[in-house]
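Asker: Using only what follows, build the 3D model:
(one chain, ligands or ions: 1)
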Amino acid sequence: RTVYLNGEYLPEAEAKVSIFDRGFVMADGVYEVTSVLQGKLLDFPGHLKRLTRSLSELGMGNPLSDDEWLAIHRKLLELNDVRDGMIYLQVTRGNPGDRDFAFPPEGTPQTVVLFTQAKPGLADNPVAKTGMRVISVPDLRWARRDIKTVQLLYPSLAKMEAKKQGADDAWLVEDGFVTEGTSNNTYIVKDGKIITRDLSTDILHGITRGSLLRYAAEAQMQIEERPFTIEEAKQADEAFFTSASAFVLPVVEVDGAKVGTGTPGPVATRLRELYLEESLKSAI
Ligand code: PMP
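Answerer: Numbers count the residues shown, from 1 in each chain. Here you go, the predicted structure:
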């Protein structure tokens with residue numbers, strides 16, 4: 001695989017980052033994941049906008065222009081011959097040459113890394129027809145989940161707890177309400193209404209969430225943005241989640257209880273089709 005590192009396209013084995021990099025020793029960096037279908041980038045302007053915001057919230061600038069980011073994405077797709085899959089991008093505060101809590105001096109170059117992951121048949125994920133099973137765990141992450149940082153240890157632990165319990169993913173709960181999934185935004189459907197947590201610093205402002213809610217509103221579907229509990233999810237007609245890499249996936253079981261009929265529901269199924277159709281139209 002050819003990857004991108006600080007202006008160069010290199011074989012992955014030759015792409016080396018310093019052990020003093022702030023991303024490595026402090027998790028001081030942000031990332032984005034953009035899906036690729038039929039060789040095109042989905043929701044790309046949204047991902048770039050959130051990247052700039054994440055960087056800015058951590059006191060960092062955006063090292064590249066939108067056109068430069070796009071050119072790197074396109075070049076990596078071409079070099080690696082990716083039609084379906086994703087591109088991961090990460091920007092860290094760079095290498096201060098030593099470990100120190102204080103930021104490195106102004107002008108220290110940021111570290112920029114991008115790589116592709118091919119996933120042939122990405123849009124035809126069989127799980128869309130069977131659904132996911134989730135467990136609930138306490139949300140023990142830091143309080144700025146609106147910033148897409150690379151500190152992913154707690155979500156990773158939660159995912160492993162889900163696997164240990166024979167489930168597919170975990171939904172995180174704080175003050176009695178679901179915040180989001182380990183790496184996705186969460187929804188329930190009750191009496192035809194789509195219910196999902198409102199945006200705040202408590203959750204990541206999912207790019208897929210934003211697009212999907214827009215498409216759903218355009219299709220005259222009812223939407224309510226408010227927190228919901230695990231109990232409500234168990235009593236809901238349907239549940240599902242969204243992320244750039246999974247699009248829309250139905251959830252059929254929460255903490256061992258079947259949601260609705262225990263099979264993917266019509267609303268989640270329709271929203272998946274709607275998202276794939278509409279986001280491909282605006283893909284670049
Ligand atoms: N919440 C969290 C915690 C995530 O990690 C992700 C995926 N990165 C999402 C939500 C979904 O965001 P997006 O639709 O932009 O991928």
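
Asker: can you give me the helices for the protein?
Answerer: 22-26, 44-57, 66-80, 127-130, 153-164, 207-218, 230-235, 266-281 (DSSP state H).

Asker: right, so of the ones you listed, which gets closest to the ligand?
Answerer: Between the ligand and these, the shortest gap by C-beta to the nearest ligand atom is with helix 207-218, which sits at 3.2 Å. For glycine as for every other residue, the C-beta is placed from the backbone atoms N, C-alpha and C.

Asker: that older thread, can I get the helices of the chain in JSON lines including mean pLDDT and distance to residue 95?
Answerer: Shown next, in JSON lines, are those (pLDDT from 0 to 100; distance: least, C-beta to C-beta, whole Å):
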{"stretch": "helix 22-26", "mean pLDDT": "98", "distance to residue 95": "7"}
{"stretch": "helix 44-57", "mean pLDDT": "98", "distance to residue 95": "17"}
{"stretch": "helix 66-80", "mean pLDDT": "98", "distance to residue 95": "20"}
{"stretch": "helix 127-130", "mean pLDDT": "97", "distance to residue 95": "40"}
{"stretch": "helix 153-164", "mean pLDDT": "98", "distance to residue 95": "22"}
{"stretch": "helix 207-218", "mean pLDDT": "98", "distance to residue 95": "29"}
{"stretch": "helix 230-235", "mean pLDDT": "98", "distance to residue 95": "43"}
{"stretch": "helix 266-281", "mean pLDDT": "98", "distance to residue 95": "36"}
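
Asker: Residue 183: which of the ones you listed is closest?
Answerer: Nearest to residue 183 among the helices of the chain is helix 153-164 (6.0 Å), distances taken as C-beta to C-beta.

Asker: So for the closest one, what gets flagged as buried?
Answerer: 154-155, 158-159, 162 (16 or more other C-beta atoms under 10 Å).

Asker: Contact residues of the stretch 101-250 of the chain facing the ligand?
Answerer: Within the stretch 101-250 of the chain, the positions adjacent to the ligand are 180, 183-185, 204, 206-209, 242-244 by C-beta under 6 Å from any ligand atom.

Asker: what sits against the spatially most central residue of the chain?
Answerer: Geometric centre of the chain, nearest residue: residue 243, 4.8 Å, by C-alpha atoms, centre = their mean. Taking C-beta atoms under 8 Å, 6 or more residues apart in numbering, we find residue 243 in contact with 181, 183-185, 206, 208.

Asker: Relative to residue 278, how far out is it?
Answerer: 16 Å (C-beta to C-beta, to the nearest Å).

Asker: can you check residue 59 too?
Answerer: Taking C-beta to C-beta, one finds residue 59 at 35 Å from residue 278.

Asker: Which one's more surrounded, those two?
Answerer: Using other C-beta atoms under 10 Å, the more surrounded residue of residue 59 and residue 278 is residue 278, with 17 against 8.

Asker: The more buried one reaches residue 216, doesn't it?
Answerer: No: the pair residue 278 / residue 216 is not scored as a contact, 10.0 Å apart, by C-beta atoms under 8 Å.

Asker: Tell me, how many residues neighbour the nearest residue to residue 196 once chain neighbours are set aside?
Answerer: What sits nearest to residue 196 in space, not counting adjacent residues and going by C-beta to C-beta, 6 or more residues apart in numbering, is residue 187, at 4.4 Å. As a burial measure, residue 187 scores 29 neighbours (other C-beta under 10 Å).

Asker: Residue 187 against residue 237, yeah?
Answerer: No: in this structure, residue 187 is not within contact of residue 237 by C-beta under 8 Å, at 11.5 Å.
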